[in-house]
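Colleague: My questions are about this predicted structure, shown below with the sequence.
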Amino acid sequence: MFIPLRDENPTRRYPVLTLVLIAANVVVFAYQVLSPATLPYYVLKMGAIPYEITHFRAYGGYPVERISPVLALFASMFLHGSLFHLLGNMLYLWIFGNNVEDFLGPIRFILFYLVSGLSAAATHVVFNPNSTVPMIGASGAIAGVLGAYFVLYPGARVQTLVFLWVVPVPAAIILGLWFLGQIINVGIGGGVAWFAHIGGFLAGVVLIRYFARKHRFSRTAV
């Protein structure tokens, strides 16, 4: 068991977009919880359903009026099924997102984040084309951020809770173990879109080179 707590990788500018994304996810979750409608209502209404994307038609099996599949792909990135789900995602986004934003700048960072999320959803759809289970969560987009960090700052030290001890671990090891865990868990299932995590991470590894083509990667070495 390991839980990253913070990295030792200072930024040059304040991570405004990272904080905005965290705030947006928290506000949406608070609305889900405090709204007169139940939390599952929003999952059924705005979660991304692979069946709708691959069959080009709405799935009518739920007692709610669904938003369009295209809007659902974006809305689902800001929905969470539980407080634990939200807090886990936001912890990873805060630790690793600020440095990726610092490298890319806020505009390219938000584009990178959204494209990573869409890539993660696409991967999930490819492997589950007939699924009618709504997919929600920021995990896919955040996985893209992790993939970018893995490429940009593999040697950055991350203070990590390993059982009862906090120890510094290179980012490449932490993120590599995280990615390996997603692959191992594919066969377990458990209601988690593991393929979305895998697709998001790989998308981040590839996309960061496109989004950062004007930067010199050598200067990011840690």
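Modeller: Received the coordinates, thanks.

Colleague: In this protein, where is pLDDT below threshold?
Modeller: For the chain, applying pLDDT under 70 flags the ranges 189-190, 214-222.

Colleague: All the helices of the chain, residue numbers only.
Modeller: 16-34, 39-46, 50-55, 69-75, 83-104, 106-127, 139-152, 171-185, 194-211 (DSSP state H).

Colleague: Can you point out the buried residues in the third one?
Modeller: Same thing as helix 50-55. Under the neighbour-count criterion of 16 or more other C-beta atoms under 10 Å, helix 50-55 has 50, 51, 52, 53 buried. C-beta: built from backbone N, CA, C; applies to glycine.

Colleague: tell me which strands and helices that helix is in contact with?
Modeller: helix 69-75, helix 106-127 (3 or more C-beta pairs under 8 Å, 6 or more residues apart in numbering; DSSP states H and E).

Colleague: How about the fourth one?
Modeller: Packing contacts for helix 69-75, counted by 3+ C-beta pairs under 8 Å, 6+ apart, involve helix 39-46, helix 50-55, helix 106-127.

Colleague: Format the CA atom coordinates belonging to that helix as PDB.
Modeller: Coordinates of each C-alpha in helix 69-75 appear next as PDB, following Å, rounded to 0.1, in the frame of the first residue of the first chain:
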ATOM      1  CA  PRO A  69     -23.700  11.500 -25.400                       C
ATOM      2  CA  VAL A  70     -21.300  14.200 -26.400                       C
ATOM      3  CA  LEU A  71     -22.100  16.400 -23.400                       C
ATOM      4  CA  ALA A  72     -22.000  13.300 -21.200                       C
ATOM      5  CA  LEU A  73     -18.400  12.700 -22.200                       C
ATOM      6  CA  PHE A  74     -17.400  16.100 -20.700                       C
ATOM      7  CA  ALA A  75     -19.900  16.200 -17.800                       C
END
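
Colleague: That's all I had, so thanks and see you.
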